[in-house]
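Novice: Here is the input, now give the coordinates:
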Amino acid sequence: MRFIGYANDYIDITLGHFYEQFGQGTALRIYEDRNLGYDNVLDGARIVFKPTKGVQLKGIYGYQRYSFQNGSVVNSEGITRGADAQFHINDLIKKLDKSGVDLTL
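Specialist: Residues are numbered from 1 along each chain as shown. This next block holds a predicted model:
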């Protein structure tokens, strides 16, 4: 694993190896499970932008790990890229905070 990153309250940038998930992981889930011998880390760039409370925008770009051969990593030939937007409605509409409903799009 190798990566470099920078983060503050508004932006999070990662270059190198990283894991990511969009929402509940239905559209995209890059993760590791050592018990199954599964590790599809992404080698590329990730940017998470939070312009205001309740809004999160993500963008990823890179090559997915394919396998290990002779002690070295083999990446897939295809490029993985994607974008995700998440809106936490309770943070955007203050009246919903007291309603007991938690909404995220």
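Novice: what helices or strands is the helix-or-strand element of the chain with minimal mean pLDDT leaning on?
Specialist: Across the helices and strands of the chain, mean confidence by mean pLDDT, DSSP states H and E is lowest for strand 38-39: a mean of 76. If you count contacts as 3 or more Cβ pairs under 8 Å, 6 or more residues apart in numbering; DSSP states H and E, strand 38-39 packs onto strand 32-33. From N, CA and C alone the C-beta is placed, and that goes for glycine too.
Novice: hmm, who's touching the strand it packs on?
Specialist: Tyr19, Tyr38, Asp39, Asn40, Val41 (Cβ atoms under 8 Å, 6 or more residues apart in numbering).
Novice: Just the buried ones out of those residues, please.
Specialist: Among those, those buried by neighbour count (16 or more other Cβ atoms under 10 Å) are Asp39, Asn40, Val41.
Novice: wait, the first one sits on Arg65?
Specialist: Spelled out, that is Asp39. Yes. In this structure, Asp39 is within contact of Arg65 by Cβ atoms under 8 Å, at 6.3 Å.
Novice: residue ranges for the strands of this protein, please.
Specialist: 3-7, 11-18, 20-22, 28-30, 32-33, 38-39, 42-49, 55-69, 72-87 (DSSP state E).
Novice: need these in a markdown table with distance to Lys94, can you?
Specialist: Output for those, formatted as a markdown table (distance: least, Cβ to Cβ, whole Å):
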| stretch | distance to Lys94 |
| --- | --- |
| strand 3-7 | 27 |
| strand 11-18 | 25 |
| strand 20-22 | 27 |
| strand 28-30 | 31 |
| strand 32-33 | 39 |
| strand 38-39 | 42 |
| strand 42-49 | 23 |
| strand 55-69 | 15 |
| strand 72-87 | 15 |
